[in-house]
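Chemist: Sequence first, predicted model second:
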Amino acid sequence: METFQNLPAHVSIIMDGNGRWAQRHSLPRFKGHYEGVESVRAIVECSCTMGIRYLSLFAFSEENWNRPQDEVSRLMELFAQCMKGELDNFLKNGVRFVVLGNREKFSASLNSTIDEMMDKTAAGNKLTLVVFLSYSGKWDILQAARKLAVEHPDGNFGPDDFASALVTDGIPDPDLLIRTSGEMRISNYMLWQLSYTEIVVVDTLWPDFRKSNFLDALAEYEKRDRRFGKVK
Ligand code: IPE
Ligand code: IPE
Ligand code: MG
């Protein structure tokens, strides 16, 4: 197994390019999402082996609700089906499974599947796997601001209070953000939390992204010199 001197505690991935993968294989878009699930399995397994503590995956953005109804319903079905299918695996490997995002828009049945998965895996102490569903960075900042306006009407709060009001409270900020499919943008992901994250963009489409691509990104991270605005 490859060893790294400087393994990120939290790796986050914008899993992009499923539609283009399907198009290149002359398949309907949803086939790209199905194949993307294989990549998720491979990367979760590799993260467990490597000893990464937090892996977060951007699976569905607030803006993705505006996609064609058929694609949205298939994605919702896929999320529910995959979660249930992975439960035993998560329990065996000490994975704590967490979903973060605006859950008001999910069906009651998806919400109960999510609750059940989160409850049953709550004691997992090896890898925390965070799946961002119906999430956007601006939504997160707004919901935090609303909470703080009630808790601190005097406006007397600092950056740590703000970070604690975000849905990612308790999860360290990502050290490494990987985006697949070559797009050089954040697409309204964790806007606050990514302030000092190292970014690696790869051309590989998400359904083709497997262990070797992940290890390459970790190797790239290891070469980075993180300065956090200071002089070294
Ligand atoms: C990412 O792949 C998955 C989701 C956003 C749900 P896309 O579906 O965005 O694939 P492209 O970008 O169209 O290729
Ligand atoms: C970002 O991908 C969201 C997810 C991967 C879930 P998109 O495909 O939605 O982003 P844009 O539209 O290319 O910016
Ligand atoms: Mg995309």
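Modeler: Done, it's in. Ligands and ions are numbered 1, 2, ... in the order given.
Chemist: got the contact list for T128?
Modeler: T128 makes contact with 53-55, 95-96, 98, 171, according to CB atoms under 8 Å, 6 or more residues apart in numbering. In short, each C-beta sits where N, CA and C put it, glycine included.
Chemist: residue ranges for the strands of the chain, please.
Modeler: 10-14, 54-61, 95-100, 127-135, 176-179, 198-201 (DSSP state E).
Chemist: Redo those as CSV? Include mean pLDDT.
Modeler: CSV is the format used below for the strands of the chain (pLDDT from 0 to 100):
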stretch, mean pLDDT
strand 10-14, 99
strand 54-61, 99
strand 95-100, 98
strand 127-135, 99
strand 176-179, 99
strand 198-201, 98
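Chemist: Output the ones you listed as a markdown table; include the columns distance to D88.
Modeler: Shown next, in a markdown table, are the strands of the chain (distance: least, CB to CB, whole Å):
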| stretch | distance to D88 |
| --- | --- |
| strand 10-14 | 23 |
| strand 54-61 | 19 |
| strand 95-100 | 11 |
| strand 127-135 | 14 |
| strand 176-179 | 27 |
| strand 198-201 | 32 |
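Chemist: what are the phi and psi values for the residue in the chain that ligand 2 sits nearest to?
Modeler: Of the chain, the residue with the smallest distance to ligand 2, taken as CB to the nearest ligand atom, is S187 at 3.6 Å. Per-residue torsions, S187: phi 50, psi 50 (degrees, to the nearest 10).
Chemist: shift numbering so it begins at 35
Modeler: Yep, numbering from 35; the last one is S221 now.
Chemist: can you pull the pLDDT of E36?
Modeler: Note for E36: predicted pLDDT of 79.
Chemist: Share the number of residues neighbouring the residue nearest to it when sequence neighbours are not counted, please.
Modeler: Closest residue to E36 apart from its sequence neighbours, by CB to CB, 6 or more residues apart in numbering: L249 at 5.5 Å. Neighbours of L249 under the rule other CB atoms under 10 Å: 15.
Chemist: try D242
Modeler: Using other CB under 10 Å, D242 has 18 neighbouring residues.
Chemist: same check, this time on L125
Modeler: When neighbours are defined as other CB under 10 Å, L125 has 14 of them.
Chemist: Relative to ligand 1, how far out is it?
Modeler: 26 Å (CB to the nearest ligand atom, to the nearest Å).
Chemist: How about the contacts made by that residue?
Modeler: By CB under 8 Å, 6+ apart, the contact list for L125 reads 154-155, 158.
Chemist: Stretch 251-266: end-to-end distance?
Modeler: End-to-end distance of stretch 251-266: 24 Å, with CA to CA, to the nearest Å as the criterion.
Chemist: now, which of the contacts of T162 sits nearest ligand 1?
Modeler: The closest of those to ligand 1 turns out to be L89 (CB to the nearest ligand atom; 16.6 Å).
Chemist: Now do the contacts for the closest one.
Modeler: Counting by CB under 8 Å, 6+ apart, L89 has contacts 44-47, 77-78, 81, 161-164.
Chemist: what does the chain put close to ligand 1?
Modeler: 49-54, 94, 98, 109, 215 (CB under 6 Å from any ligand atom).
Chemist: Next step: the residues you listed restricted to helices.
Modeler: Using DSSP state H, the subset of the residues of the chain next to ligand 1 located in helices is 52-54, 109.
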